[in-house]
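In: Following is a predicted model, sequence given first.
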Amino acid sequence: MSTATGRLTIDLNAVRANWRRVSAQTPEPPAAVIKADAYGLGADPVGNSLYRAGCREFFLATLEEAIAARRFLPADARLYVLGGARPGEERECMTQGLVPVLYSLPAIDRWARACRFEGRAAPSAVKIDTGMTRLGLSDSEWQQLREDPALLNAAHPILWMSHLACADEYDHPMNRQQQQAFARRCAEVRTLVPDIRCSLANSSGIFLGADWHFDLARTGAALYGYDPHLDRTPAMQPVVQLELPVLQVRELTGEVSIGYGATEQRPAGTRLAVVAGGYADGLNRTIGRQGAKGILGDREVPVVGRISMDTTVFDVTGTALPAEPEQAYVRVLDERLTLSHVTHRSGALGYEVLTSLAGRYRRIYRDQEAHDPS
Ligand SMILES: *Cc1c(COP(=O)(O)O)cnc(C)c1O
């Protein structure tokens with residue numbers, strides 16, 4: 001529709017390739033985490049693409065996200081809700097066939113009562129805290145629950161999980177501490193629920209080694225091109241390409257300052273390209289404020305001055321442009337400027353960059369399989 005917005009190209013072939021690469025590490029096919037609209041890349045196309053690759057378990061953050069996913073994913077996809085079922089949401093959660101992650105005794109109690117009331121053995125997941133101190137049963141809550149196995153069983157738990165705090169730091173001592181604490185708790189819960197599956201690792205956790213795998217891994221970021229441990233584990237395939245259309249090219253006839261705050265000057269003869277895309281599109285996160293650059297043709301071009309709400313200025317002096325410069329795009333993410341490169345420079349997390357991409361971009365999906373009838 002509008003030409004004045006950036007193009008975000010999402011390579012679903014690469015998402016599937018990354019899922020297969022992660023799967024090759026783990027005993028069971030890992031679950032895909034598609035919360036926050038698959039980190040901004042589109043939970044529907046990403047989820048369905050992974051389903052076709054063989055993925056059958058998915059994690060969402062909220063009940064609303066999971067209800068939406070229930071509609072666009074096939075019925076045999078198992079959908080977990082990381083945010084659990086809040087008081088009064090139990091019935092809706094059950095009716096939709098969603099598996100809530102329960103992380104407090106009251107939540108377990110409410111789920112157990114709802115199961116009894118509805119006469120259904122609706123499955124749940126139970127999350128314990130092993131050191132991150134976010135969501136999860138504390139040690140004392142777990143000791144309390146151990147003394148009431150009837151309550152635990154009445155909540156029909158099928159998955160026992162915890163979350164790593166420092167998995168992206170390969171050598172962090174906390175990784176082993178949490179792994180050992182979780183292994184102990186798994187042995188304990190299996191005396192009460194013998195066939196429960198256990199799940200600890202996120203993307204980075206998977207690449208810490210087999211001790212962290214347990215039964216089910218939960219992978220998000222790696223699917224979307226985030227490298228779990230730079231220089232240590234295989235690089236994931238880049239998934240996103242972000243191109244910003246040139247709105248105007250201007251040739252300076254004298255030294256001037258550029259943008260809000262007049263923070264940078266350029267001399268006569270400089271050529272500037274003003275492109276569509278600014279901080280309202282997450283660019284402060286995506287490309288960072290310091291030393292940010294893009295690629296025009298095959299040359300790197302630096303950002304000049306401050307990023308505005310809707311526009312960003314690049315110095316394109318000496319770079320070939322088409323006869324009609326408004327046909328050109330400056331790429332700020334691609335296979336050369338990968339998520340890892342960009343975050344390395346900006347200090348942002350790959351996660352923040354991905355989830356900042358939602359904005360106004362036109363999403364284009366590359367998907368070999370969809371065009372291949374075989
Ligand atoms: C978001 C999330 C994940 C996925 O983490 P990645 O690092 O993106 O793989 C896994 N488990 C929980 C509990 C999460 O909240």
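Out: Ah, there it is.

In: CA atoms for contacts and neighbours, from now on please.
Out: Will do.

In: Which residue comes closest to Arg56 once chain neighbours are left out?
Out: Ala77 (4.8 Å; CA to CA, 6 or more residues apart in numbering).

In: can you count the residues close to the one you found?
Out: For Ala77, the count of nearby residues is 18 (other CA atoms under 10 Å).

In: Isn't it up against Glu57?
Out: Yes. Here Ala77 reaches Glu57: they are 5.8 Å apart, a contact under CA atoms under 8 Å.

In: on that earlier part again, residues in contact with the residue nearest to Arg56?
Out: Shown in contact with Ala77 (CA atoms under 8 Å, 6 or more residues apart in numbering): 51, 56-58.

In: tally of neighbours for the residue in the stretch 251-374 of the chain that the ligand sits nearest to?
Out: Proximity of the stretch 251-374 of the chain to the ligand (CA to the nearest ligand atom) peaks at Tyr351, 7.3 Å away. Neighbour count for Tyr351, taken as other CA under 10 Å: 16.

In: And Leu164, by the same measure?
Out: Residue neighbour count, defined by other CA under 10 Å, stands at 23 for Leu164.

In: Count residues in the vicinity of the closest residue to the ligand within the stretch 51-200 of the chain, would you?
Out: Nearest residue of the stretch 51-200 of the chain to the ligand: His163, at 5.4 Å (CA to the nearest ligand atom). His163 has 25 neighbouring residues, counting by other CA under 10 Å.

In: again with His229
Out: 18.

In: Which pLDDT value goes with it?
Out: Listed pLDDT for His229 reads 87.

In: in what helix or strand does the nearest residue to it once chain neighbours are set aside lie?
Out: Among residues not flanking His229 along the chain, Asp168 sits closest, at 6.2 Å (CA to CA, 6+ apart). Using DSSP states H and E, Asp168 sits within no helix or strand.

In: Sketch out the helices for the stretch 101-250 of the chain, chain order is fine.
Out: 105-118, 139-146, 149-154, 173-192, 203-206 (DSSP state H, counting those that start in this stretch).

In: how about the ones you listed in a markdown table, adding mean neighbour count, mean pLDDT and distance to Pro29?
Out: Listed next are the helices of the stretch 101-250 of the chain as a markdown table, based on neighbours: other CA atoms under 10 Å; pLDDT from 0 to 100; distance: least, CA to CA, whole Å:
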| stretch | mean neighbour count | mean pLDDT | distance to Pro29 |
| --- | --- | --- | --- |
| helix 105-118 | 19 | 97 | 27 |
| helix 139-146 | 14 | 96 | 29 |
| helix 149-154 | 16 | 97 | 26 |
| helix 173-192 | 16 | 97 | 20 |
| helix 203-206 | 25 | 96 | 12 |
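
In: can I get these in a markdown table with distance to Arg20?
Out: Below are the helices of the stretch 101-250 of the chain laid out as a markdown table (distance: least, CA to CA, whole Å):
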| stretch | distance to Arg20 |
| --- | --- |
| helix 105-118 | 34 |
| helix 139-146 | 35 |
| helix 149-154 | 34 |
| helix 173-192 | 24 |
| helix 203-206 | 13 |
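
In: circling back: pretty sure the residue of the stretch 251-374 of the chain closest to the ligand is in contact with Gly40, am I right?
Out: No. With contact defined as CA under 8 Å, Tyr351 does not count as touching Gly40 (9.7 Å).

In: picking that back up, mind listing which of the contacts of Ala77 are in strands?
Out: 57-58 (DSSP state E).

In: Compare the contacts of Ala77 and tell me which is most surrounded.
Out: Highest count within the contacts of Ala77 by other CA under 10 Å belongs to Phe58, 25 neighbours.

In: Which residues lie in contact with that residue in this structure?
Out: 31-34, 47, 77-80.

In: How about Ile10?
Out: 41, 239-241, 363-366.

In: Is it located within a strand, as I assumed?
Out: Yes. The assignment for Ile10 by DSSP: H, G, I helix; E, B strand; the rest coil puts it in a strand.

In: Spatially, what comes nearest to Arg86 if we skip its sequence neighbours?
Out: Nearest residue to Arg86 in three dimensions, chain neighbours excluded: Ala107, at 7.5 Å (CA to CA, 6+ apart).

In: didn't that neighbour look like it was pressed against Ala85?
Out: Yes. Using CA under 8 Å, Ala107 is in contact with Ala85, at 7.4 Å.

In: Neighbours of the residue nearest to His229, how many?
Out: Close neighbours of Asp168, defined as other CA under 10 Å, add up to 19.

In: now swap in the one 3 residues further on and tell me
Out: The burial count assigned to Asp171 is 11, neighbours taken as other CA under 10 Å.

In: Can you pull the phi/psi pair for it?
Out: When read as degrees, to the nearest 10, the backbone of Asp171 gives phi -100, psi 10.

In: ok, back up a step: buried ones only from the contacts of Ile10, please, as a ChimeraX command.
Out: Command for ChimeraX that selects the buried part of the contacts of Ile10, burial taken from 16 or more other CA atoms under 10 Å:
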select :41,239,240,241,363,365,366
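
In: Out of the contacts of Ile10, which sit inside strands?
Out: 240-241, 363-366.

In: Closest one of those residues to Leu73?
Out: The closest of the ones in strands among the contacts of Ile10 to Leu73 turns out to be Tyr365 (CA to CA; 17.5 Å).

In: Let me see the contact set for Ala85.
Out: So Ala85 contacts 63, 93, 100-102, 107 (CA under 8 Å, 6+ apart).

In: Can you list which of the residues you listed are found in strands?
Out: Per DSSP E, those map to strands at 100-102.

In: Also near the ligand: which of the residues you listed, exactly?
Out: Among the ones in strands among the contacts of Ala85, none lies close to the ligand by the criterion of CA under 6 Å from any ligand atom.

In: Highest neighbour count among the residues you listed?
Out: Pro100 (33 neighbours).

In: All set, thanks.
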